[in-house]
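**Q** Sequence and predicted structure, then a few things I'm wondering about:
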Amino acid sequence: NGNGNGNGNGNDGSDEGQGDGDMIPAWDVVVDGSDNFPTKYLINDACEILNIPWVYSAILGFEGQISVFNYNNNNGPNLNLGPTYRDMMPVPPPPGDVPSCAEGGVLGVLPGTMGCLQATEVLKILLGTKESTEGLLVGRVLIYDAMNMRFSE
């Protein structure tokens with residue numbers, strides 16, 4: 001588990017929907033590659049309750065976005081958590097408003113690109129140094145437009 005020694009195991013999502021935080025209690029950081037809003041809100045709520053940073057990403061078509069939510073930027077007893085997913089998106093969109101990855105399609109290399117960016121954010125969080133955490137995507141959303149090969153915030 002992610003208990004501070006750098007080891008970790010993935011979760012296949014089979015615990016999805018329990019809503020009690022049992023899925024992630026011992027992790028130092030959560031990395032999300034889910035493709036639906038109920039799962040993203042469940043991850044947000046569990047991470048917020050458990051004070052665990054969440055490296056979020058979402059993809060559709062030729063575009064991806066990444067951010068870090070629930071980050072404790074002082075690593076002390078007085079938590080100073082960054083914004084949550086619900087701060088960015090208080091209410092889920094109505095069903096059918098946003099196509100799923102299966103419906104809307106995804107450029108094949110996009111999950112790998114976004115995963116590499118997520119891995120970079122995770123390493124910066126785990127290193128925990130001032131230099132590594134100053135550039136974290138806390139309170140920022142990085143958008144990758146693969147069609148035009150551009151990054152923006």
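**A** Noted; the coordinates are in hand. Everything numeric here is computed off the predicted structure, so don't read it as measured data.
**Q** Phe69 reaches Ile52, doesn't it?
**A** No: contact between Phe69 and Ile52 fails when scored by CB atoms under 8 Å: they sit 9.7 Å apart. Just so you know, the C-beta spots here come from the backbone N, C-alpha and C atoms, and that holds for glycine as well.
**Q** If you count surrounding residues, which of those two has more?
**A** Shown here are Phe69 and Ile52; by other CB atoms under 10 Å, Phe69 has more neighbours (27 against 22).
**Q** bridging residues for that one?
**A** Per DSSP bridges, the residues bridged to Phe69 are Trp54.
**Q** From Val106, how far off is it?
**A** 22 Å (CB to CB, to the nearest Å).
**Q** just Gly82 next, same as before
**A** Taken as CB to CB, the spacing of Gly82 relative to Val106 amounts to 27 Å.
**Q** next one: Met88
**A** Counting by CB to CB, the gap from Met88 to Val106 is 21 Å.
**Q** Comparing those two, which residue is more hemmed in?
**A** Between Met88 and Val106, counting by other CB under 10 Å, Val106 is the more crowded of the two (19 against 14).
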